[in-house]
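Trainee: here is my input, please return the structure:
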Amino acid sequence: MAVQTFYIRNMVSSRCIRSVADAIKNCGGQEEEKTTLGKAVILFEPGTFKKEEFARALREEGFELIESKEDQAVELIKVAAIELVYHANNANSLIRNSDYLSEKVGIPYVSLSKLFSERTGHTLEKYIILLKIEKVKELLSYNEYTLSEIAYMMGYSSVQYLSNQFRQITGYTVSEYKSKGINDRRPLEKLLE
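Mentor: Here you go, the predicted structure:
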C-alpha cells in the first residue's frame, strides 16, 4: 500500500470534506487520515488509484489539486482564516489574528502575510475582513442576533467599527442591507475573485 498527501483548493466546509472523501473512494483509494479542509491523505494500492482521475473528480466538484509548495501554504492560510472566522467560537476577539494564523500554519506572520499577498494579489488582512463580512451577512440573515451581539461574536471593538467596515465592503449600511432584503452572499472560495 502507498500513502500520498494531496492539498486541495476551494475546500471551505464540512460538505466539501464529504465530497472529497467520496471522490477518494470512487477513485479506488481510502482515507489514511480523516480528510480536513484543504488536505487529504490517501492510502491506495499502487496501480489502482489514478491521480488524474482523482483530479478530474475534484474539478467536477469545483476543487483543484494544488501542486506548488507556495500555493499549498496559501491554501493552509485560507483554511486557517476560515476556521478562525467561522469555527473558532469568538477566538478572534480573544487572541490576535496574526498569532492564531502563525500558530495554525507554522509560519511567522510576516512571512505568511507576504506569501499570501504575492500569490493572491490581496492582503491577508483584506481576506480576513471579507470572511468576517460574509459571516456578518449570514448572521444578519438569521434575524437572531442584535448588531451588538454580532459585533462581539466577530471580534469587532464596537458596533460602529463593524458598521463602517460593512459599508466599505458591501456599499450598504447594515440597516439598508436588512431592510431591502439584500442577499448578496458570496461563496467563500470566490471571495478573492
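Trainee: where do the strands sit along this structure?
Mentor: Using DSSP state E, the strands of the chain run over 2-9, 30-31, 39-44, 64-66.
Trainee: Ile182 is nearest to which of those strands?
Mentor: Proximity to Ile182 (Cβ to Cβ) singles out strand 2-9 among the strands of the chain, at 28.8 Å. No exception for glycine: its C-beta is placed from N, CA and C like everyone else's.
Trainee: got the domain boundaries for this protein?
Mentor: 2-67, 70-190 (automatic domain parsing).
Trainee: quote the end-to-end distance of the first one.
Mentor: Across domain 2-67, the straight-line distance between its terminal residues is 19 Å, by Cα to Cα, to the nearest Å.
Trainee: now that domain, how far from the centre of its chain.
Mentor: Put simply, domain 2-67 sits 17 Å off its chain's centre (Cα atoms, centre = their mean, to the nearest Å).
Trainee: and the lowest mean pLDDT element among the helices and strands of the protein?
Mentor: When each helix and strand of the chain is scored by mean pLDDT, DSSP states H and E, helix 91-94 comes last, with a mean of 51.
Trainee: thinking again about what came up before, dump the domains of the chain into JSON lines; add mean neighbour count as well.
Mentor: Output for these, formatted as JSON lines (neighbours: other Cβ atoms under 10 Å):
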{"stretch": "domain 2-67", "mean neighbour count": "17"}
{"stretch": "domain 70-190", "mean neighbour count": "16"}
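Trainee: quickly, which of these bottoms out on average pLDDT?
Mentor: Lowest mean pLDDT within these: domain 70-190, at a mean of 90.
Trainee: can you give me the end-to-end span of it?
Mentor: End-to-end distance for domain 70-190: 19 Å, by Cα to Cα.
Trainee: check the gap between the closest residue to Leu191 other than its chain neighbours and Tyr86 for me.
Mentor: Closest residue to Leu191 apart from its sequence neighbours, by Cβ to Cβ, 6 or more residues apart in numbering: Leu130 at 4.7 Å. Plainly put, Leu130 is 12 Å away from Tyr86 if you go by Cβ to Cβ, to the nearest Å.
Trainee: now do Asn97
Mentor: Distance from Asn97 to Tyr86, counting by Cβ to Cβ: 13 Å.
Trainee: same question, Glu67
Mentor: The spacing between Glu67 and Tyr86, counted by Cβ to Cβ, is 27 Å.
Trainee: next one: Ser98
Mentor: 18 Å.
Trainee: same question for Gly29.
Mentor: Counting by Cβ to Cβ, the gap from Gly29 to Tyr86 is 28 Å.
Trainee: ditto for Glu193
Mentor: Counting by Cβ to Cβ - Glu193 and Tyr86 are separated by 19 Å.
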